[in-house]
Each structure stands twice: as structure tokens, then as C-alpha cells.
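Student: based on what follows, work out the 3D shape:
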Amino acid sequence: MKSKIIKYSPFTIAGIYFILAALWISYSDLALYSLVHETVKLHLFQSLKGYLFVFVTALLLFFMLRKLIEIVRQEAVQGEYRFRVLAQNTSAGIFMHSEKFIFTNKAMLDIIGYSSKEIQNMTITDIVSDEFKSLVSERCNALLSGSKLSCNDEVRIVRGDGLERWMNIYATIVEYKDSSVMLGTVSDITESRAVQQSLIKSEQRYRLLFENNPLPMWLYDVNSLAFLEVNESAVKRYGYSREEFLNMTIKDIRPAEDVERLLNNVNRVSGGVDEAGVWRHTKKDGATIFVDIQSYAFEIGGRLVELVQSSDITATVEAQDQLLRINAELENKIKERTKALSEANERLMELDRLKTLFVSSMTHELRTPLNAVLGFSSLLDDGVYGDMSEDQKGAVSKVLKGGQQLLDLVNDAIDVTKIEAGQMEQQISDFDLYELFTEISLHFKEAAAEKNITLNLDPIHKLMHSDRRRIYQALLNLVDNAVKFTDHGSITLSASVVGEGSDDEKILIAVKDTGVGIKDQDMHELFVPFSKLGMVERRMSHGTGLGLYLTHKIVEDALNGEMSVESEFGKGSTFMIMLPVKL
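Tutor: A predicted model of the protein is given here:
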């Protein structure tokens, strides 16, 4: 509880004392003069009055000073209490230290890892690591001796649990209980120091990368455009010294006509990565190079800067320009060649049309007299015009055989012409595949028997909706080829259903022989018109060379099927056709 005395200022108290003293002196003298008339007595009473005034004044001073001392002591006790309460409830480590620790708050104990009982008889040097003991001891002596007012150091301490931590210790001198003591704070900076060390290492690493980067790099101020730093690669590549660069702006390495574009680009820089693209730069010797610029903007000390990396792509740009010129030239040549090819193609199409017309006309013209030759030869062979000698019959037989071969050639040529002209007529009907196989077997029965070849059938009863005549023609050609090139063994004609019952149901027909087979290098000529594979080696004169070509065309173009072959030279061949059940 504060005294009422301290409510008044010293000037107020002095003024009151002056007024009371003046009143006492004035009125006490008047009273004495009126009551005492003898001079000796008057002097005696005046002396007593003076002693009384001094006594009362001393008594008042005594009570006032005692009260003030009591108030000061109470304030000191309350101040220390408030300090202790505040110190115990703060998160910062606080301590008082003289020859040993006088006071440590809870945060301090938590930081250094000791209990309040353990720390009572310890000094600050006891908690620091050996390497910092002399430094801390020196700092304590300097503070306590008055040669330093404060100190602030980063040291490593050894906690009570043995762990080492980095601390920042700040201490100053204060008066406590009539003596000078150190009052200090302790804060754990282990993590922040690790971050700081990491940042230092990172800065060193990035500076190393900057200085030793094989590509030119520089740092410039976005506002002034002035170069702030350049690496050695930039110096070597552009020809300017480092000092020259630092007295230049980034405008100085651009052609004059590119500066406006540069300023527009810089005005858009705000931070982060900037893919600036391709630019032209001017070297010290006046040469212009093309560069690809990548940059990263960030702030240093409150100003926006940009780190730039420059890649010389002059050779690439020149190669691209040359490529564009070559492409343009090629396009012009291609247009000219395309026009010439188009004109040639039109001429070829016209020639092909005339050829087709000629072949069609000639084959029809040939077939009429050829039929007459075959007809009269057949009449002669039947003896309609009388008996003939054996030599005459042999001659007529050769005429019939040659005429039939010629008629087959004419018919094949007509079919090929129609297929290539897209004029192949289809005659769609329903028929049983089994019956078709039977007809094929009867057709080649005599030829197979003459060569002592076994003709095997593996047919199935399957109703088909397709062009029976063209299927018959295709199988006729395949079996005919098999008979020609098979001297012993067998020929097998088989059929099977693929995807039975589905919407995409198909028939697989195979003609397998044990003939001479086909060489691998001859497979690519198998379906080429007028190709007579194996006929020269076997000295076969008959055959048009159109059979397989025509069969392939019939199967794929007229019947919407697929044709394939498997063959092993010297062992035989298997020709397969896949046809839709419903065309």
C-alpha cells in the first residue's frame, strides 16, 4: 500500500514546510515579545524555541525517511516478485548469475536440460562445451569487473542429458541485493543455425555453379537493367571484360532494333521462371549471335533482379534457315514432279484404257475364228467328213489340244481385262459346296490317273450364297496347278468352316499337293501375271502364266476373300482361300 506522502511532489512538501516554518518563527517571536519582557529570559526562551523547532523538524524527517525506506523496500520486493512471475511464465530462458547461478526460470531449465536443484551449485561455464569455456569465463569476468556492459555470443552447450545444442547467450550487468550480477537470456538456435549453415553452403554451391557454368550467365537489376554480376563463360563468349560488363546494361548487348521488344519483355517480369525464348545478342567484336534465354526473377534486398542463362543456338538457327530453304526448293521440285507424274499418269491411264480396249477387242475377235477351228477340228476327229488315217487323226488331235490351250489363254486374258477394268460380273446363287468339290474331282480324275496321282477329297455339305462359277474357276486353276507340278504322291482338296454360326461365318478351302514346292526367293513372284515359276526347269511349254494371278484377283476382288500359300521346296505346297459363306 503506497503512503499518501508520495502523492505529493518534493516541491510541494518543501513549500508546505517553508510556510509552516515561517509562520512558526513569526508568531512564536510575537508571542515571546508580548509575554516576556526581561532580556535574559527572552534570549533563553528564543534558544528553547529554536531547539524545539529543530527537534520537531528532525522528528518529522525521521518519520518521513523511515516511511520512504519502507516504501522502497516494498517496491523492491514487489518488483522482484513481478520479475520472477514474468520470468517463470516467459518462453525465453532467463538467468541471473554471479559466482554461480542465482536464478533460472523454467524455460532456461528446459533449454539446458537440468533441474532447479542440479543448477543451484553450477556456474555458466559448467554447461558450455570445452571449446567455449575460456570464452564464456572471459566474458563473465569482463562483465562483473565493469569493463564490458553487455555481451552477446553463440556457443555450444552440453545439456544435462548429454545432447549438444547451439545457444545464443545475451548478458548484461544489473544491481541485485547491493551487488552487481549478470542478467541474461538464453535461446536455442540449433535449428536456425543449421538452416543458416545450409543457406551458406547452398549459396556457396550456387555461386560455384554460377561461376563454373559452361553457359554464359549474368544477374541484372530489373529496374535499371544494369549488370550486377557475370560469370567467366559470359566474359569469354561475349568478349567483354567483367569490369566492362558491370558498367553496361543489358540493352548494350542487343541490336538497336530489338531494344523495344526487350523493354516490353522486362516490364512483364514479376518473379519466378521466365522462358524468354530466342533473342539476338551483339558481341564486343560486332558479331550477332542467336541465343535461347532462360531466366529466374527474385528479390535481393528489396529490389527485383533476374538471373539469366544464355545458350548460343546460332548454328541451330542457321541450320533451320537452310533447312527451310531446302524444304521450299524441294516443295517446288515436288510440285513440278507431281505435275509431270500426274500428266504421265493420265497418259498411262489412257494407254491402259486403250490396251484394255485392244485386248478385249482382239480376244473377242480371236475367239470367233478359234471356235470355228475347234468346231471343225472336232467334226474331223469324230469322222463326220470321213475316215482319216492315224497320222491325220494325230494331227487333228494336236490342232484340238493347241486350239483349246489358245482358247483358255483368250478366256483368261478376257477375265483379267474385266477384273482390272472393274467390270467383272457376279452371278450370285445358293449352292452346296459338296457338289462343287465333286465336279472338280470328276474334271481332274483322268489327268490324275494318267500321272498315277491320288486325288483326295475332304468335302463338307455347306450351303453357300456366292458366285459359284468364280469359285469353281478359282479351284479349277489351283487343282490344275497342283496336277501340273506333282509327279507322285497325292493332291488333297479340303474344306472347313471358320466361325460357324456367327455373322462372319467363313469357309476355308485348301488345295494341298506333294509336288515340287516353291523356293523362298520365288514366293514374291507367285501372283505376278505371266510368271511361270518352275515351268522352265520342268520344260513345260503349256500354261499362260495367268492362272494364279487370275485366281488371286478372283478370290480377293470378286469374292471378297483372302488367298495365302505355304510351301516347302521339294516337298509340296498348300494353297488356301478364305471365303465368306454369304457374299
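Student: could you chop this structure up by domain?
Tutor: The chain breaks down by automatic domain parsing into domains covering 4-84, 90-194, 213-312, 313-423, 425-580.
Student: now render those as CSV, adding mean pLDDT and mean neighbour count.
Tutor: Every C-beta, even on glycine, is put in place using the N, C-alpha and C of the backbone. Formatted as CSV, these follow (pLDDT from 0 to 100; neighbours: other C-beta atoms under 10 Å):
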stretch, mean pLDDT, mean neighbour count
domain 4-84, 71, 11
domain 90-194, 87, 16
domain 213-312, 90, 15
domain 313-423, 76, 13
domain 425-580, 86, 16
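Student: mind putting those into TSV with distance to R205?
Tutor: Formatted as TSV, the domains of the chain follow (distance: least, C-beta to C-beta, whole Å):
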stretch	distance to R205
domain 4-84	47
domain 90-194	16
domain 213-312	12
domain 313-423	28
domain 425-580	65
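Student: which strands and helices lie in contact with the lengthiest helix in the chain?
Tutor: In the chain, assigned by DSSP state H, the helix with the most residues is helix 314-381. Contacts defined by 3 or more C-beta pairs under 8 Å, 6 or more residues apart in numbering; DSSP states H and E place helix 314-381 against strand 288-300, helix 390-420.
Student: picking that back up, so which of the domains of the chain is nearest K201?
Tutor: For K201, the closest of these is domain 90-194, at 10.5 Å, according to C-beta to C-beta.
Student: now the end-to-end length of the closest one.
Tutor: 25 Å (C-alpha to C-alpha, to the nearest Å).
Student: stretch 222-241 too?
Tutor: First residue to last in stretch 222-241 (C-alpha to C-alpha) measures 22 Å.
Student: what does that stretch contact?
Tutor: Stretch 222-241 is contacted from outside by 210-221, 242, 245-246, 248-251, 253, 266, 269, 281, 283-285, 297, 303-306, 310, 312, using C-beta atoms under 8 Å, 6 or more residues apart in numbering.
Student: ok, now which ones touch L183?
Tutor: Counted by C-beta under 8 Å, 6+ apart, L183 has contacts 94-96, 171-174, 176.
Student: can you redo the residues you listed as TSV with secondary structure and distance to C140?
Tutor: Listed next are the contacts of L183 as TSV, based on DSSP: H, G, I helix; E, B strand; the rest coil; distance: C-beta to C-beta, whole Å:
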residue	secondary structure	distance to C140
I94	strand	17
F95	strand	12
M96	strand	12
A171	strand	8
T172	strand	12
I173	strand	11
V174	strand	14
Y176	strand	15
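Student: which two of these have the greatest separation?
Tutor: Largest pairwise distance in the contacts of L183, by C-beta to C-beta, is 15.1 Å, between I94 and I173.
Student: apart from its neighbours in sequence, what residue is nearest C151?
Tutor: Nearest residue to C151, sequence neighbours excluded (C-beta to C-beta, 6 or more residues apart in numbering): R139, at 4.6 Å.
Student: list the contacts of the one you found.
Tutor: R139 touches 148, 151, 153, 171, counting by C-beta under 8 Å, 6+ apart.
Student: could you do N481 as well?
Tutor: Per C-beta under 8 Å, 6+ apart, neighbours of N481: 547-548, 575.
Student: A328: which of those is nearest?
Tutor: Of all these, L548 has the smallest distance to A328: 47.6 Å, by C-beta to C-beta.
Student: quick check, that closest one in a helix?
Tutor: Yes. L548: assigned to a helix according to DSSP: H, G, I helix; E, B strand; the rest coil.
Student: quick one: contacts for it?
Tutor: 477, 481, 526-527, 531.
Student: go again using 7 Å as the cut-off
Tutor: 477, 481, 526-527 (C-beta atoms under 7 Å, 6 or more residues apart in numbering).
Student: same check on T104?
Tutor: Applying C-beta under 7 Å, 6+ apart, the residues near T104 are 95, 116, 119.
Student: distance of the first one from E500?
Tutor: With distances taken as C-beta to C-beta, to the nearest Å, F95 is found 99 Å from E500.
Student: likewise for the last one?
Tutor: In this view, I119 and E500 are 98 Å apart by C-beta to C-beta.
Student: cool, and N560?
Tutor: 19 Å.
Student: repeat that for S490.
Tutor: 28 Å.
Student: tell me which element E229 falls in.
Tutor: In this structure, E229 sits in strand 227-230 according to DSSP states H and E.
Student: could you point out which element follows that strand?
Tutor: helix 232-238.
Student: that older thread, including distance to V399, could the contacts of N481 go into CSV?
Tutor: Shown next, in CSV, are those (distance: C-beta to C-beta, whole Å):
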residue, distance to V399
G547, 23
L548, 28
F575, 33
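Student: for K67, state which of those is nearest.
Tutor: Out of these, the member with the shortest distance to K67 (by C-beta to C-beta) is F575, at 135.0 Å.
Student: what pairs with the helix or strand containing that closest one, parallel or antiparallel?
Tutor: Using DSSP H and E, F575 sits in strand 572-580. Sheet pairing of strand 572-580 (DSSP bridges) gives strand 506-513 (antiparallel), strand 562-568 (antiparallel).
Student: what sits up against that strand?
Tutor: Taking C-beta under 7 Å, 6+ apart as the rule, strand 572-580 contacts 466, 471, 474, 478, 506-515, 517-518, 555, 559-567.
Student: let's have the contacts of T104 in JSON lines, adding distance to R237.
Tutor: JSON lines is the format used below for these (distance: C-beta to C-beta, whole Å):
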{"residue": "F95", "distance to R237": "59"}
{"residue": "S116", "distance to R237": "67"}
{"residue": "I119", "distance to R237": "64"}
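Student: ok, L143 touching M182?
Tutor: Yes. Between L143 and M182 there is a contact under C-beta atoms under 7 Å: 5.5 Å.
Student: before we move on, back to that, quick check: which of the strands paired with strand 572-580 is nearest to D352?
Tutor: Closest among these, once you apply C-beta to C-beta, is strand 562-568, at 24.2 Å.
Student: ends of stretch 454-465, how far apart?
Tutor: Stretch 454-465 end-to-end distance (C-alpha to C-alpha) = 30 Å.
Student: contacts for that stretch, please.
Tutor: Against stretch 454-465 from outside (C-beta under 7 Å, 6+ apart): 428, 430-434, 437, 441, 444-445, 448, 490-495, 497, 507, 581-583.
Student: now find how far off-centre that stretch is within its chain.
Tutor: Centre-to-centre, stretch 454-465 and its host chain are 61 Å apart (C-alpha atoms, centre = their mean, to the nearest Å).
Student: and for stretch 122-132?
Tutor: 54 Å.
Student: kindly report the same for stretch 560-575.
Tutor: 51 Å.
Student: for I313, grab phi and psi.
Tutor: phi -120, psi 30 (degrees, to the nearest 10).
Student: with L436 instead?
Tutor: Dihedral angles (degrees, to the nearest 10) for L436: phi -60, psi -40.
Student: spatially nearest residue to it, not counting backbone neighbours?
Tutor: That would be Y472: by C-beta to C-beta, 6+ apart, it lies 5.9 Å from L436.
Student: where's the one you found, which helix or strand?
Tutor: Going by DSSP H and E, Y472 is in helix 468-484.
Student: please compute how far that helix lies from its chain's middle.
Tutor: With C-alpha atoms, centre = their mean as the basis, helix 468-484 stands 61 Å off its chain's centre.
Student: give me the angle between that helix and strand 572-580.
Tutor: 170 degrees (axes from the mean of the first three to the mean of the last three C-alpha atoms, to 10 degrees).
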